[in-house]
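Engineer: take a look and give me a structure for this.
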Amino acid sequence: MSRWEGFEELVKVVEVGSFSGAARTMGVSKGHISQRISQLEDRLGTRLLHRTTRKLSLTELGNLYYLRCKQVIEDLEEIEDTVSEFQQRATGLLKVSSPNLLGEMHIVPAIADFLKENNSLEIELNFYSKKVDLIEDAYDVVIQVGARTDINVINKPLAKTTFKLVASPHFLNQYGSPEDPHDLKHLRCLRFTEYGTSKPWKFIRNDESIAVNGLTYWHSNSGHCLLAAARDGLGMAYLPDYYLAEDIKSGALVEVLDQWHGIEREIVAIYQQRRHLSAKVKLFVDYLQKKFEQEKPW
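Structural biologist: Numbers count the residues shown, from 1 in each chain. Got it, this is the predicted structure:
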């Protein structure tokens, strides 16, 4: 018999004054209550209750045991209330990962606003272009472009981003503007390369889809680098719209082949699938989703 079995039944019997009343309160049979208390007395080697047909009363040792058990139950209830309250409040440390430019330009301002409403929360935000392991790297939320297929993770869509082909006015004046995606095979292109591999640039118009490997003039695994190179007129870049909004607005970059559009990807918040999701994760992800649904910052 477990050391914990029977003491709750004893406390309930004393509180309500009968075995039958305790059974109704706890949703079990009267026989179950009686058996548990008898087993408890056998384990302790002492009688805890005086039983008569008219009333129940505690023995001297029974009263001592009852008072300590009652305190244990009250302590357990207080602990559970504390855990429940903590679970419902955004407190503690929230560890977040994000791609560099997306994080610096759009996640940081969102977090600043979020913290104004949840000032008891501490946030650690780190920037990575690599895939982050939620468990091994101990992250609560990972923000990235494209959903994950990992087991036991939730992908919560925040916004869509569309890739665009851009170039500086200086580059277009010097080399001309492509009229068709196939023209990119003969024009200087700034390619994103990861682990030595570059993916073709995909363009879509109505039901037509074209994948092109442009003439590689410069390649890098950094979107920052490709964006800077495009501004300096070194070639054309194919980047997500959240990279490009300010440069297109200012005229530093011009959208090319605008009758076509590039691939569309989801920006997602990823977190572990859990039966009881902490309040800090839920509140943060819900906040980002609502913010980006209302209006994409870019």
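Engineer: domain-wise, how is the chain divided?
Structural biologist: Taking automatic domain parsing as the reference, the chain has its domains at 7-88, 92-155+267-294, 161-264.
Engineer: quick one: mean pLDDT for the first one?
Structural biologist: If you average the pLDDT over domain 7-88, you get 87.
Engineer: so what's V254 bridging to?
Structural biologist: A167 (DSSP bridges).
Engineer: tell me how far it lies from T149.
Structural biologist: The spacing between V254 and T149, counted by Cβ to Cβ, to the nearest Å, is 37 Å. Just so you know, the C-beta spots here come from the backbone N, C-alpha and C atoms, and that holds for glycine as well.
Engineer: residue ranges with poor pLDDT in the stretch 51-200 of the chain?
Structural biologist: Counting by pLDDT under 70, the ranges of the stretch 51-200 of the chain that qualify are 84-90.
Engineer: more crowded one of V254 and T149?
Structural biologist: Taking neighbours as other Cβ atoms under 10 Å, V254 and T149 compare with V254 leading, 17 against 7.
Engineer: give me the pLDDT for that one.
Structural biologist: Looking at V254, its pLDDT stands at 96.
Engineer: shouldn't it be in contact with L172?
Structural biologist: Yes. At 6.3 Å, V254 and L172 qualify as touching, with contact defined as Cβ atoms under 8 Å.
Engineer: what's the overlap in contacts for the two?
Structural biologist: With contacts defined as Cβ atoms under 8 Å, 6 or more residues apart in numbering, no residue is adjacent to both V254 and L172.
Engineer: L125 against S98, yeah?
Structural biologist: Yes. Judged on Cβ under 8 Å, L125 makes contact with S98 at a distance of 6.6 Å.
Engineer: who's more crowded, the two?
Structural biologist: The neighbour comparison of L125 against S98 (other Cβ under 10 Å) goes to S98, with 23 against 16.
Engineer: partner residues bridging the more buried one?
Structural biologist: Note on S98: beta-bridge partners F127, judged by DSSP bridges.
Engineer: give the contact list for it.
Structural biologist: With Cβ under 8 Å, 6+ apart, S98 has these contacts: 107, 125-128, 142-144.
Engineer: recalculate using a threshold of 6 Å.
Structural biologist: 107, 127, 143 (Cβ atoms under 6 Å, 6 or more residues apart in numbering).
Engineer: how about L234?
Structural biologist: Per Cβ under 6 Å, 6+ apart, neighbours of L234: W218.
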